[in-house]
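[1] Mind looking at a prediction? Sequence and model below.
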Amino acid sequence: MLIDGILRKSIESHCNYEVKIINQTLLPHRLEFISLESFNDCCKAIKDMWVRGAPLIGVTAAFGMFFAIKENPSDDNIEYSFNKLLATRPTAVDLKWALENIIIMIEGVTKKEKADLVWQFSRNLEIDSIKQCSKIGDYGLEIIESKYNNKTINILTHCNAGWLACVDWGTALAPIYKAYNKGLDVHVWVDETRPRSQGAALTAWELSKHGIKNTLIVDNAGGHLMQNGEVDMCIVGSDRTASNGDVCNKIGTYMKALCAFDNNIPFYVALPESTLDFSLDSGVNKIEIEERSSDEITSIRGIDQSGKLSNVKITPDFVKSHNPGFDVTPARLVTKLITNKGICNPSTKSIRKLFK
Ligand code: MRU
């Protein structure tokens with residue numbers, strides 16, 4: 001998508017094994033590209049959330065496996081690297097999906113060939129992710145167009161499921177980019193998404209940079225706006241979708257789905273097939289929810305008066321906190337799933353039919 005008129009991607013690989021990412025912890029204040037040059041770089045980038053968002057975590061993990069094998073192709077190191085990468089972010093299933101596919105692919109292959117194969121796999125994943133997100137955008141656009149009556153259409157989204165969370169286009173934001181590019185009058189309500197504020201720091205930034213109207217709201221405002229007829233639909237992303245259509249996404253998604261349900265507002269979830277977890281027949285209480293540092297709740301990150309990025313403490317040290325990173329929205333609260341293969345009901349039958 002565009003940043004000040006220039007086409008950018010969240011991760012870019014080039015020949016000579018060059019992999020570049022945007023350090024997303026510095027956004028929206030600074031746009032800095034950094035190179036990933038080793039297995040440890042990739043682990044750190046995922047764990048410290050320089051890259052985040054399910055599809056982007058998956059692509060970065062694949063490049064991580066490439067570096068691991070290039071550095072040391074022994075079976076022991078491959079096993080160690082697989083487990084280390086898997087532990088960096090446990091909820092988003094794209095990571096596991098990419099790693100497992102790599103392990104299957106390199107079985108029986110000579111040590112010399114392994115690294116080349118994984119490099120090619122990772123580059124293909126990068127390209128496929130763009131294609132899949134673009135398809136999600138096309139299918140989602142059909143939904144937006146079907147509800148559009150030449151007046152501003154107001155869409156609420158949670159967290160960041162835009163191009164920054166993928167390689168390009170995004171999942172939840174892909175239909176919005178397609179609608180905007182086609183000339184539809186779209187406006188996005190951007191949930192702040194505490195504690196890490198991906199909405200405030202990333203979604204509002206990427207939409208604005210592309211020229212799309214958006215308004216930042218606190219996480220608690222969505223229900224009020226829905227009651228007052230100011231939201232036409234919600235579109236969110238997914239970190240893991242069980243085979244019955246239960247959706248695990250950023251903490252707070254469930255509450256927005258409940259509000260949408262109560263106000264008869266369609267609630268769509270946009271996802272690529274790598275986010276489907278067919279090993280789970282349902283998602284509630286069955287998905288490992290990442291527990292994140294309490295610092296994310298007890299302090300706020302931003303730019304201070306001297307222009308320096310810093311953390312400001314908002315509670316005294318004796319305050320305890322609990323910080324689950326994700327929650328599960330039951331399928332009954334989801335109107336439709338928008339996937340790269342088409343639109344389907346959030347049900348085992350409908351998902352199976354689309355992804356045979
Ligand atoms: O903790 P994050 O920033 O990695 O969480 C991201 C989300 O929850 C997104 O909504 C999800 O990954 C879908 S992204 C296309």
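    Thanks, I have the structure now.

[2] Show me which residues of the chain sit near the ligand.
    Residues of the chain lying close to the ligand (Cβ under 6 Å from any ligand atom) are 52-55, 92, 159, 161, 165-166, 170-171, 198, 237-239, 249-250, 325. The C-beta positions use only the backbone N, C-alpha and C, and glycine is treated the same way.

[3] Among these, name the ones in helices.
    Judged by DSSP state H, the subset of those located in helices is 54-55, 198.

[4] Show me which helix runs longest in the protein.
    The single longest helix within the chain, with elements called by DSSP H, is helix 111-147.

[5] Looking at that one now, give me its mean pLDDT.
    What helix 111-147 shows for mean pLDDT is 97.

[6] Can you give me the buried ones in that helix?
    Neighbour-count burial for helix 111-147, with 16 or more other Cβ atoms under 10 Å as criterion, is recorded at 114-115, 117-119, 121-123, 125-126, 128-130, 132-133, 135-137, 139-141, 143-144.

[7] Check stretch 213-230 too.
    Under the neighbour-count criterion of 16+ other Cβ under 10 Å, stretch 213-230 has 214, 216-217, 219, 221-223, 225-226, 230 buried.

[8] Let me see the domain layout of the protein.
    As given by automatic domain parsing, the domain ranges for the chain are 2-129, 149-355.

[9] Okay, now the shortest one: how far is its last residue from its first?
    Between the opening and closing residues of domain 2-129 there is a gap of 17 Å (Cα to Cα, to the nearest Å).

[10] And for residue 60, the neighbour number?
    Each residue near residue 60 was counted by other Cβ atoms under 10 Å, and the total is 32.

[11] Let's see the pLDDT reported for the nearest residue to it once chain neighbours are set aside.
    Excluding the flanking residues, the one nearest residue 60 by Cβ to Cβ, 6 or more residues apart in numbering is residue 51, at 4.9 Å. Per-residue pLDDT puts residue 51 at 98.

[12] Now for residue 304, how many residues are close by?
    Other residues lying near residue 304 total 10 when counted by other Cβ under 10 Å.

[13] Residue 202 versus that one, what's the distance?
    For residue 304, the distance to residue 202 equals 20 Å [Cβ to Cβ, to the nearest Å].

[14] Name the secondary structure element that contains residue 156.
    strand 153-157 (DSSP states H and E).

[15] could you give me the average pLDDT of that strand?
    The average pLDDT for strand 153-157 rounds to 99.

[16] how about it as PDB, C-alpha atoms only?
    Written as PDB, here are the backbone C-alpha positions of strand 153-157 (Å, rounded to 0.1, in the frame of the first residue of the first chain):
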ATOM      1  CA  ILE A 153     -20.200   3.800   4.800                       C
ATOM      2  CA  ASN A 154     -18.900   3.500   8.300                       C
ATOM      3  CA  ILE A 155     -16.800   0.400   9.200                       C
ATOM      4  CA  LEU A 156     -15.400  -0.400  12.600                       C
ATOM      5  CA  THR A 157     -12.200  -2.400  13.000                       C
END
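
[17] Tell me the strands beside that strand, with direction?
    Strand pairing for strand 153-157, using DSSP bridges, gives strand 186-191 (parallel), strand 233-236 (parallel).

[18] most neighbours per residue, which of these?
    Comparing the strands paired with strand 153-157 by mean neighbour count (mean count of other Cβ atoms under 10 Å), strand 233-236 comes out on top with a mean of 25.

[19] Not counting sequence-adjacent ones, nearest residue to the residue in the chain that the ligand sits nearest to?
    Closest contact between the chain and the ligand, by Cβ to the nearest ligand atom, is at residue 237 (2.8 Å). Spatially, and ignoring its direct neighbours in sequence, residue 237 is nearest to residue 161 (2.8 Å; Cβ to Cβ, 6+ apart).
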